[in-house]
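In: compute the structure for the input listed below.
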Amino acid sequence: MAMLLKHVRNSSSLLKRHVTAAHLLLSRPFTTTEGHRPSIVHKRSLDILHDPWFNKGTAFSMTERDRLDLRGLLPPNVMSPDLQIERFMVDLKRLEVQARDGPSDPNALAKWRILNRLHDRNETMYYKVLIAKIEEYAPIVYTPTVGLVCQNYSGLFRRPRGMYFSAEDRGEMMSMVYNWPAEQVDMIVVTDGSRILGLGDLGVQGIGIAIGKLDLYVAAAGINPQRVLPVMIDVGTNNEKLLEDPLYLGLQQHRLDGDDYLAVVDEFMEAVFTRWPNVIVQFEDFQSKWAFKLLQRYRNTYRMFNDDVQGTAGVAIAGLLGAVRAQGRPLIDFPKQKIVVAGAGSAGIGVLNAARKTMARMLGNNEVAFESAKSQFWVVDAQGLITEGRENIDPDALPFARNLKEMDRQGLREGASLVEVVKQVKPDVLLGLSAVGGLFSKEVLEALKGSTSTRPAIFAMSNPTKNAECTAEEAFSILGDNIIFASGSPFSNVDLGNGHIGHCNQGNNMYLFPGIGLGTLLSGARIVSDGMLQAAAERLATYMSEEEVLKGIIFPSTSRIRDITKQVATAVIKEAVEEDLAEGYHGMDARELQKLSEDEIAEYVQNNMWSPEYPTLVYKKE
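Out: Prediction:
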């Protein structure tokens with residue numbers, strides 16, 4: 001009997017070991033070693049302290065100080081990361097005013113300077129601060145302050161952060177891409193500086209936008225900061241002020257055009273994908289003339305997307321669907337919304353195409369539905385309402401040109417003003433992507449009082465803040481609290497008295513592009529498909545609770561950005577698998593991805609998001 005019990009115990013123990021081993025095998029693809037394994041370094045002493053990737057400052061333990069010859073090079077008090085953040089925050093508040101270069105230098109730019117100095121010293125600490133204070137610092141590293149940074153970048157430049165490929169480098173890009181030290185790059189954000197936010201052509205200074213976007217990829221999506229690369233393609237500038245400025249850092253020549261321009265961008269794409277075949281390239285702030293052409297040229301060959309065209313469209317779609325929910329209507333009513341769009345640049349056309357596809361899918365996803373959906377849009381550009389009667393109409397805007405006979409019946413004509421269109425159409429949504437500050441004037445907002453919607457929506461989406469079509473206060477003061485308001489730049493909620501709050505929703509691209517990039521990376525998708533982008537937008541649209549949307553809150557707080565990104569990335573991976581585009585990532589192959597439930601995909605995403613933790617450093621001679 002004793003022998004039998006012993007055999008049972010041994011069998012039980014053996015079974016437990018097999019079950020545990022099986023569990024480890026099953027769970028293995030979900031785990032990641034990002035930021036948790038020891039890092040082998042080939043430098044010691046002051047060299048470590050001067051390396052922002054490995055420097056921990058006062059957080060080096062005494063054993064590490066001995067191991068890396070740091071004893072005596074740092075104050076003796078070993079500080080925890082939390083204490084380091086506290087000390088930095090105290091220092092930042094004290095230095096904000098002192099860091100200003102005179103009274104014309106706003107506090108926001110001073111904050112950017114201080115954060116940038118921290119980034120130069122200690123990259124892990126920088127991202128700890130950014131994640132811990134994302135609501136406060138996202139507007140500093142990204143919109144709206146990044147616009148000011150780009151305008152002043154030649155004077156702010158201190159140390160290289162990213163790569164510069166110029167028209168002078170033709171024929172050399174395949175070799176020069178190996179000058180970047182990282183063996184693996186997951187994410188590139190590239191710009192040619194031709195249309196930075198709504199500020200126009202800023203030339204080489206536009207690299208600030210690529211740096212800011214990648215900071216959010218790290219903070220929001222957990223992309224390893226050692227695997228991101230900001231890129232400027234400098235093909236010259238048509239900004240005469242920069243061409244005459246002796247301190248300007250870029251090529252002082254007019255922009256290349258036509259085949260010469262394409263040859264530079266083609267060579268860049270071939271070079272980066274030759275060295276890093278699995279990299280994802282996000283195109284950012286290319287002028288409308290090239291944004292669509294480059295997207296169509298590369299999207300079926302490379303893992304790339306254009307955030308201005310596709311990311312802005314996705315955020316707008318999420319907001320438009322949220323507005324339908326906030327009106328107390330089912331999402332299936334979206335194809336009934338009358339939408340007046342102010343702006344027909346790359347962002348405006350991108351939103352129009354995405355909204356039309358969304359409506360068509362809800363109406364049956366056939367040609368008749370696609371044709372029917374376009375009748376819900378009235379597009380107004382700098383020349384007024386776009387109709388079929390316009391000469392030299394932009395081919396991208398042509399599908400949305402209104403029929404002249406139909407416009408006659410509505411009392412409108414080619415080139416009708418925005419006020420006239422709003423008065424006659426009585427839209428459910430007034431959507432601004434014009435980059436013209438104050439375009440939604442008092443007269444326009446007054447005209448919106450005639451809307452047939454019980455709760456009209458105003459989307460003043462242009463960036464930076466000075467380019468917003470109207471402010472939240474202007475909208476609520478004229479139209480009252482029974483509206484939905486969203487903007488591209490942050491505005492404070494409006495106190496309407498009697499306990500009523502006018503909620504200002506920031507429809508920021510940061511809700512989507514980090515999740516699109518992360519989902520594409522972790523799925524190993526061959527391309528970034530329309531379906532993946534649509535899945536991302538729809539997930540964002542349903543993120544808010546019913547209670548929140550009925551209050552007029554259609555976009556979440558940026559304090560939840562990592563969870564939002566996880567949810568968006570999960571939806572992107574799920575769609576990539578369903579479209580048979582996923583090829584897997586590292587230890588997770590395509591077949592394993594197909595077996596995962598949605599909850600398991602979310603766990604897989606969570607476990608592959610980098611967090612800024614100090615790794616244990618081990619010295620080894622090269």
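In: which residues are in contact with residue 219?
Out: Residue 219 makes contacts with 127, 130, 131, 134, 138, 561, 562, as judged by C-beta atoms under 8 Å, 6 or more residues apart in numbering. Yep, even glycine has a C-beta here, placed from its N, CA and C like the rest.
In: can you do 7 Å?
Out: 127, 130, 131, 134 (C-beta atoms under 7 Å, 6 or more residues apart in numbering).
In: need the three-state assignment for the first one.
Out: Using DSSP: H, G, I helix; E, B strand; the rest coil, the structure places residue 127 in helix.
In: how about it, nearest residue that isn't a chain neighbour?
Out: residue 612 (4.0 Å; C-beta to C-beta, 6 or more residues apart in numbering).
In: count of residues packed around the one you found?
Out: Using other C-beta atoms under 10 Å, residue 612 has 21 neighbouring residues.
In: residue 527: what secondary structure?
Out: Once three-state DSSP is applied, residue 527 turns out coil.
In: meant to ask about residue 71, not that
Out: Taking three-state DSSP, the label given to residue 71 is coil.
In: so it makes contact with residue 61?
Out: No: at 11.1 Å, residue 71 does not count as touching residue 61 under the criterion of C-beta atoms under 7 Å.
In: what's the first helix or strand after the top strand by length along the chain?
Out: Criterion DSSP state E: the longest strand present in the chain is strand 228-234. Using DSSP states H and E, the next helix or strand after strand 228-234 towards the C-terminus is helix 240-243.
In: would you map out the domains in this structure?
Out: 39-79, 157-302, 337-507, 512-608 (the TED database).
In: chain center to the longest one: distance?
Out: Pointing back at domain 337-507 there. 23 Å (C-alpha atoms, centre = their mean, to the nearest Å).
In: among the contacts of residue 219, which ones are in helices?
Out: 127, 130, 131, 134 (DSSP state H).
In: give me the number of residues near the first one?
Out: In this case it means residue 127. 21.
In: residue 197 and residue 464 touch, don't they?
Out: Yes: look at residue 197 against residue 464 with C-beta under 7 Å: they come within range, at 5.4 Å.
In: now the common contact residues for the two.
Out: 143, 147.
In: list the helices and strands the longest strand of the chain packs on?
Out: strand 163-166, strand 187-191, helix 207-221, helix 258-275 (3 or more C-beta pairs under 7 Å, 6 or more residues apart in numbering; DSSP states H and E).
In: now it: average pLDDT?
Out: Summarised as a single mean, pLDDT over strand 228-234 is 96.
In: strand partners of it, parallel vs antiparallel please.
Out: strand 163-166 (parallel), strand 187-191 (parallel) (DSSP bridges).
In: then residue 351 would be within a strand, right?
Out: No: counting by three-state DSSP, residue 351 is not found in a strand; it is helix.
In: tell me the contacts of it?
Out: 312, 313, 316, 431, 433.
In: nearest to residue 303 among these?
Out: Nearest to residue 303 among these is residue 313, at 18.7 Å by C-beta to C-beta.
In: just to revisit the earlier point, wait, the residue nearest to residue 127 sits on residue 123?
Out: No: judged on C-beta under 7 Å, residue 612 makes no contact with residue 123 at a distance of 8.1 Å.
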